[in-house]
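>>> Quick one: sequence and predicted model below, then my questions.
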Number of protein chains: 4
Amino acid sequence: MSNHSLSPVMTADDVNRFLINVYPQLNEEFAAYSVADVKPGRCVVRLAATDRHLRPGGTVSGPCLFTLADIGGYACVLSHVGPEALCVTTNLNINFMRKAGPGQIDGHCRILKLGKSLMVFDIEMRTAKDDLIVAQASGTYSIPPKRSAG
Amino acid sequence: MSNHSLSPVMTADDVNRFLINVYPQLNEEFAAYSVADVKPGRCVVRLAATDRHLRPGGTVSGPCLFTLADIGGYACVLSHVGPEALCVTTNLNINFMRKAGPGQIDGHCRILKLGKSLMVFDIEMRTAKDDLIVAQASGTYSIPPKRSAG
Amino acid sequence: MSNHSLSPVMTADDVNRFLINVYPQLNEEFAAYSVADVKPGRCVVRLAATDRHLRPGGTVSGPCLFTLADIGGYACVLSHVGPEALCVTTNLNINFMRKAGPGQIDGHCRILKLGKSLMVFDIEMRTAKDDLIVAQASGTYSIPPKRSAG
Amino acid sequence: MSNHSLSPVMTADDVNRFLINVYPQLNEEFAAYSVADVKPGRCVVRLAATDRHLRPGGTVSGPCLFTLADIGGYACVLSHVGPEALCVTTNLNINFMRKAGPGQIDGHCRILKLGKSLMVFDIEMRTAKDDLIVAQASGTYSIPPKRSAG
């Protein structure tokens, strides 16, 4: 009955392995994305942006940054609630601040609320090279009730 | 000096041709997305969702719906301001309502404001088959000043 | 177990009476706001904007438009789920498009999703006088589980 | 021609005095809100929540938290661009996380981008007593071009 605790129940490696096993068809497409770190109430996700993530002008596309934010929220829920959660994004709001070229972008996520049925998080996406803010997002994941053991 | 008019300056075909010419490297990835209609203050964008747009469970992924919304906003600016505009998304907020399987999803876009430097729009994404709302989004595009001729 | 139906269970008058009874201390502050209509999946809320709702320059303030949007979402839940619901706003995103002077502003709300634990809506705020869009918002209300009888 | 610098041009006291002088009719209504601190790229705004800011149940209302966020964004622009700017909010997205009773709520604001025509910020609203996150918001202010001297 109590809220989920802000102690992680999976490591970054656990989450990466889970994503690869559960989403095999996404492996090629999502190979550039990974979970880099999990801490109480926080996680870091990473995009190793190559040519395929750029739009004309040589900057990382909006959909790729949205994907990073969405994976960030999913990693927050997964790492703190566990792999049985069939969570879905209900809302995501993203602000684009600065263009980024190819290279590593780190998404620093915070869990703002972890309730019984909702998880709210925000994420700040920064270039690894010079630590500039590229985009910022916040969003809500819906956490369905656990199926009671039978 | 006055605001952009809500009379389109490009047709749906014009916009599709422009996108293919300007973004050749995106052709494969964006082949499933197109502009289906342009009217004063409105446009319709389309995603022909196939297996590659699905996430486990067989539903169209959040990033694909975000991409449709972002293309919808871009089609609004392009069709009403013209191809010289180097517009960029500054904000996009998306709500996910219902899962959608493979098939056609139509994004009905409205221009809520077309000012000198900002365009605000919203989009409702519905399944073509049974007209159910899958997602709704609103966003802002920044329109840079036109370079003066000469 | 099934989703809430999109048939209203309260009329606009019911909702107005409920708000006055339950929130007596807000009567003075919220006298300018009311529910004007309830239909299946929709409702209309109204702000009769006077001097107290204006900011310098003589335009209706952002917080007053936010309040109208928030009341719109609450009227959607209340009218379609019933007065026992202890709903709370979890997210609200608002775009401001056009300045509005004193006068009536109508907020046209739609329920985009009414699930067991979440209601998603959007609202378009237009001047009654000349039907111009002033602001647009979308938001999510959390619906707590009903306390079981007995 | 260059972007606005992230060096403040007004102190917190300057901003408070400016708001009182320019918005005399709001003095009573906004007496509970103030700017507590201004630093390069950041500012802190404060709501001393009393009974009038509570909704039934004794918690600070959504519109009051929205107002705090909006004042936070305005304080960011004002303190870093100067008092001549006739800025307006174009978008604000707010997540509500936790109920807060009467008492002081501090809004910690960061400027995420300060461009020539747009300022993007986020704000974290925390109870002063026990430092719990009540709400989080992000938003965009439009900065009109300066009228040329002369």
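Done, it's in.

>>> how far is stretch A:118-131 from where the chain is centred?
9 Å (C-alpha atoms, centre = their mean, to the nearest Å).

>>> Go through chain A and flag its longest strand.
strand A:103-114 (DSSP state E).

>>> check whether the helix or strand just after that one contacts chain B.
As assigned by DSSP states H and E, the chain's next helix or strand after strand A:103-114 is strand A:118-127. No - Strand A:118-127 is not in contact with chain B by C-beta under 8 Å from any C-beta of the partner chain; minimum separation 13.6 Å. Placement of C-beta: from N, CA and C, glycine included.

>>> For strand A:118-127, which helices and strands make contact with it?
Under the contact criterion of 3 or more C-beta pairs under 8 Å, 6 or more residues apart in numbering or on different chains; DSSP states H and E, strand A:118-127 touches helix A:62-81, strand A:103-114, strand A:133-142.

>>> at contact distance from chain D, anything in the second one?
Yes - legend: contact between strand A:103-114 and chain D by C-beta under 8 Å from any C-beta is shown at A:112-113.

>>> Mind listing the strands the strand or helix carrying residue A:90 pairs with, and their directions?
According to DSSP H and E, residue A:90 maps onto strand A:88-96. Here strand A:88-96 has these sheet partners by DSSP bridges: strand A:133-142 (antiparallel), strand B:88-96 (antiparallel).

>>> ok and the last one relative to helix A:62-81, angle-wise?
Interaxial angle, strand B:88-96 versus helix A:62-81 (axes from the mean of the first three to the mean of the last three C-alpha atoms, to 10 degrees): 40 degrees.

>>> Identify the residues contacting strand B:88-96?
A:62, A:66, A:88-96, B:62, B:65-66, B:69-70, B:73-74, B:118, B:134-142, C:93, C:112-113, C:120, C:138, C:140, D:91, D:93, D:118, D:120, D:140 (C-beta atoms under 8 Å, 6 or more residues apart in numbering or on different chains).

>>> how about a cut-off of 7 Å?
A:62, A:88-96, B:62, B:65-66, B:69-70, B:73, B:135-142, C:93, C:112, C:120, C:138, D:91, D:93, D:118, D:140 (C-beta atoms under 7 Å, 6 or more residues apart in numbering or on different chains).

>>> Settle this for me: residue A:102 is touching residue A:48, isn't it.
No - contact criterion C-beta atoms under 7 Å: residue A:102 and residue A:48 do not qualify, at 8.9 Å.

>>> Next, count neighbours for residue A:109.
Neighbour count for residue A:109, taken as other C-beta atoms under 10 Å in any protein chain shown: 30.

>>> any idea how far it is from residue A:123?
As judged by C-beta to C-beta, to the nearest Å, residue A:109 and residue A:123 stand 5 Å apart.

>>> which residues do those two both contact?
By C-beta under 7 Å, 6+ apart, the residues touching both residue A:109 and residue A:123 are residue A:72.

>>> For chain A, which residues are neighbours of chain D?
A:93, A:95, A:97-98, A:112-113, A:120, A:122, A:133, A:136, A:138 (C-beta under 7 Å from any C-beta of the partner chain).
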